[in-house]
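> this one's sequence-less:
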């Protein structure tokens with residue numbers, strides 16, 4: 001089987017390459033971002049693409065968008081997403097096509113090479129692979145998306161309802177502005193608020209929070 005890896009961490013990228021080679025797969029490419037993915041896929045003709053959700057340059061949802069575009073162009077290619085986080089919105093978007101051949105696993109919970117091999121084989125034949133924690137979070141999010149927020153994310157959202165900027169939130173909670181930006185991005189994802197030119201996600205997040213809190 002021909003496998004293409006897209007992972008920004010050099011150590012993890014090299015580690016995956018060695019593991020897959022040892023498992024008997026042929027690694028036909030190992031990219032650090034999704035910029036040249038389309039050309040690499042056309043050139044290398046992989047059977048399965050294994051990629052991270054958050055990739056350069058912004059480390060938001062570049063991997064997910066690349067996965068969705070790949071599935072739209074080449075539905076015969078299996079896609080296995082590896083993430084460090086339980087991102088219910090990303091998982092739901094990945095599954096939205098309903099055609100199978102996709103997977104979403106948490107990096108820290110892939111316990112063995114056999115587990116990784118089984119996941120790759122399953123998406124290759126058109127099956128679906130989801131980490132149990134992702135499934136549980138998706139079921140919870142259906143009833144109350146706020147319940148998936150971490151305590152710190154709730155604090156950030158609570159201060160956000162006061163109309164504060166990220167810098168003001170950082171000062172009030174005594175954390176870095178960069179940390180606030182990461183929390184806000186995670187909040188948007190968990191509340192099901194993808195990037196849009198038509199909607200102000202910050203306002204929608206506050207409205208969602210106030211609506212559930214009432």
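Happy to help now that I have it. What you are looking at is a predicted structure, and each value in this text was computed from that prediction instead of being measured.
> residues touching residue 119, list them.
Residue 119 makes contacts with 80, 103, 105, 110, 129, as judged by C-beta atoms under 8 Å, 6 or more residues apart in numbering. All C-beta spots, glycine's among them, are computed from the backbone N, C-alpha and C.
> go on, residue 20?
Contacts of residue 20 by C-beta under 8 Å, 6+ apart are 3, 5, 27, 50, 116, 120.
> can you tell me which residues contact the nearest residue to residue 50 once chain neighbours are set aside?
Sequence neighbours aside, residue 80 is the residue nearest to residue 50 in space, at 4.8 Å (criterion: C-beta to C-beta, 6 or more residues apart in numbering). Contacts for residue 80 (C-beta under 8 Å, 6+ apart) come out as 48-51, 102-105, 119-120, 123, 129.
> List buried residues within the residues you listed.
For these, a burial check counting by 16 or more other C-beta atoms under 10 Å picks out 48-51, 102-105, 119-120, 123, 129.
> will you turn these into JSON lines that also has distance to residue 38 and secondary structure?
Compiled in JSON lines, the buried ones among the contacts of residue 80 are given as follows (distance: C-beta to C-beta, whole Å; DSSP: H, G, I helix; E, B strand; the rest coil):
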{"residue": "48", "distance to residue 38": "16", "secondary structure": "strand"}
{"residue": "49", "distance to residue 38": "11", "secondary structure": "strand"}
{"residue": "50", "distance to residue 38": "16", "secondary structure": "strand"}
{"residue": "51", "distance to residue 38": "13", "secondary structure": "strand"}
{"residue": "102", "distance to residue 38": "18", "secondary structure": "strand"}
{"residue": "103", "distance to residue 38": "21", "secondary structure": "strand"}
{"residue": "104", "distance to residue 38": "21", "secondary structure": "strand"}
{"residue": "105", "distance to residue 38": "24", "secondary structure": "strand"}
{"residue": "119", "distance to residue 38": "24", "secondary structure": "helix"}
{"residue": "120", "distance to residue 38": "21", "secondary structure": "helix"}
{"residue": "123", "distance to residue 38": "19", "secondary structure": "helix"}
{"residue": "129", "distance to residue 38": "24", "secondary structure": "strand"}
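> Need the residue closest to the centroid of this structure.
The structure's the chain has its C-alpha centroid closest to residue 53; by C-alpha atoms, centre = their mean the separation is 3.5 Å.
> mind listing what it touches?
With contacts defined as C-beta under 8 Å, 6+ apart, residue 53 is in contact with 61, 63-64, 81-83, 85, 87, 90.
> Per-residue pLDDT of residue 199, please?
Note for residue 199: predicted pLDDT of 53.
> least trustworthy position among the contacts of residue 119, going by pLDDT?
When the contacts of residue 119 are sorted by pLDDT, the bottom entry is residue 110 at 81.
> wait, that residue sits on residue 120?
No - taking contacts as C-beta atoms under 8 Å, residue 110 lies outside contact range of residue 120: 11.0 Å.
> what's the burial count for residue 94?
As a burial measure, residue 94 scores 23 neighbours (other C-beta atoms under 10 Å).
> All good on my end, thank you.
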